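Engineer: here is my input; please provide its structure:
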Amino acid sequence: MTWRAPGTAPTIPLIAVAHGSRDPRAAATVESLLDLLRRARPEIPVRTAYLDHAPPTLAMALSGLAEAVVLPLLLTEAYHSRVDIPGALAEATARRPLLRVHRGATLGPHPLLVTALERRLAEAGVEAGDPGTAVVLVSAGSSDGRANATVARIAREWAGRRGWWSVTPAYASAAEPTPEQEVRRLVEAGAPRVVVAPYLLAPGYFADKIRATTLAAGAEVVADVLGAAPELATVLLERYEQAVQREKSFATA
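Structural biologist: Residues are numbered from 1 along each chain as shown. All right, here's what the predicted structure looks like:
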């Protein structure tokens with residue numbers, strides 16, 4: 001049981017829903033991220049759920065709870081956040097009509113995610129805003145064009161705020177340009193140095209493929225995935241508070 005001061009209301013549990021992967025590094029990264037949140041806010045009960053490939057499912061994570069805030073550990077609004085999570089919640093609430101669920105927004109887009117991207121680039125030896133560096137912002141890619149457009153917008157805004165040679169998007173699946181295509185284009189266009197910033201939450205198949213193919217195509221540096229960056233923990237807590245405040249506003253309206 002989570003400790004709370006006498007006379008205070010219990011804190012609504014947080015369930016973070018990740019995509020899931022067969023690669024054990026992905027789940028380990030998710031837990032490391034959530035551990036940052038647990039240390040920062042120990043009064044919030046935090047559970048993990050996965051949409052695929054790994055337990056627990058969202059229904060399993062909701063077991064025993066009367067109320068929860070469900071937050072997608074996803075970087076853009078796409079099929080998983082628009083269809084899979086609402087569908088799983090609909091099934092859970094159909095079986096348990098008294099269950100109260102407050103669904104929060106995806107992690108991205110958010111300015112702190114760009115800060116985290118710059119953190120990972122800096123760890124790889126790339127100075128933020130270096131005018132001699134072209135950055136390729138690589139997302140997993142989606143069949144939902146709105147999600148890909150969001151990544152392209154992040155790249156444009158990032159380029160506008162910093163002095164990079166350029167910041168351009170690429171997609172590991174479902175859309176073009178692919179990461180290696182964009183790296184080759186930039187090299188041929190005369191970019192002094194090309195680096196890759198993966199807009200990915202955790203290591204796995206896509207991260208490994210992006211690293212291998214872009215280095216082969218001429219990238220000088222490939223940064224690490226976002227992972228357990230403190231900026232992501234801050235965004236996650238912000239999304240939680242927003243979901244709780246929406247519920248309070250609704251209750252007093």
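Engineer: and Ala16, what does it touch?
Structural biologist: Val30, Leu34, Val46, Arg47, Thr48, Ala49, Leu71, Leu73, Leu236 (Cβ atoms under 8 Å, 6 or more residues apart in numbering). Heads up, the C-betas are built off the backbone N, CA and C, glycines and all.
Engineer: neighbouring strands of the helix or strand encompassing it in the sheet, and parallel or not?
Structural biologist: According to DSSP states H and E, Ala16 maps onto strand 14-18. Partners of strand 14-18 in the sheet, by DSSP bridges, are strand 46-50 (parallel), strand 67-72 (parallel).
Engineer: got these as a markdown table, with distance to Glu91, mean neighbour count and mean pLDDT columns?
Structural biologist: Converted to a markdown table, these look like this (distance: least, Cβ to Cβ, whole Å; neighbours: other Cβ atoms under 10 Å; pLDDT from 0 to 100):
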| stretch | distance to Glu91 | mean neighbour count | mean pLDDT |
| --- | --- | --- | --- |
| strand 46-50 | 13 | 21 | 97 |
| strand 67-72 | 13 | 23 | 97 |
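Engineer: identify whichever of the ones you listed lies nearest to Ala152.
Structural biologist: Proximity of the strands paired with strand 14-18 to Ala152 was assessed by Cβ to Cβ; the nearest stretch is strand 67-72, lying at 20.6 Å.
Engineer: contacts for the closest one, please.
Structural biologist: Residues outside strand 67-72 that contact it (Cβ under 8 Å, 6+ apart): 12-17, 47, 58, 62, 80-81, 85, 89, 99-107, 236, 239-240, 243-244.
Engineer: after it comes which helix or strand?
Structural biologist: Going down the chain from strand 67-72, the next helix or strand is helix 79, by DSSP H and E.
Engineer: so what does the helix or strand just after that next one touch, helix or strand wise?
Structural biologist: Next along the chain after helix 79, taking DSSP H and E as the criterion, comes helix 85-95. Packing partners of helix 85-95 (3 or more Cβ pairs under 8 Å, 6 or more residues apart in numbering; DSSP states H and E): helix 58-62, strand 67-72, strand 100-103.
Engineer: angle of helix 85-95 against strand 67-72?
Structural biologist: Helix 85-95 runs at 160 degrees relative to strand 67-72, counting by axes from the mean of the first three to the mean of the last three Cα atoms, to 10 degrees.
Engineer: may I see the buried residues of helix 85-95?
Structural biologist: For helix 85-95, the neighbour count (16 or more other Cβ atoms under 10 Å) marks Ile85, Ala88, Leu89, Ala92 as buried.
Engineer: so where do the helices sit in this structure?
Structural biologist: Applying DSSP state H to the chain gives helices spanning 24-40, 58-62, 79, 85-95, 111-123, 145-161, 179-188, 205-217, 230-252.
Engineer: in JSON lines, list the ones you listed along with distance to Val135 and mean pLDDT.
Structural biologist: As requested, the helices of the chain are exported to JSON lines (distance: least, Cβ to Cβ, whole Å; pLDDT from 0 to 100):
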{"stretch": "helix 24-40", "distance to Val135": "22", "mean pLDDT": "97"}
{"stretch": "helix 58-62", "distance to Val135": "35", "mean pLDDT": "95"}
{"stretch": "helix 79", "distance to Val135": "27", "mean pLDDT": "75"}
{"stretch": "helix 85-95", "distance to Val135": "30", "mean pLDDT": "91"}
{"stretch": "helix 111-123", "distance to Val135": "7", "mean pLDDT": "98"}
{"stretch": "helix 145-161", "distance to Val135": "7", "mean pLDDT": "97"}
{"stretch": "helix 179-188", "distance to Val135": "9", "mean pLDDT": "98"}
{"stretch": "helix 205-217", "distance to Val135": "12", "mean pLDDT": "98"}
{"stretch": "helix 230-252", "distance to Val135": "17", "mean pLDDT": "86"}
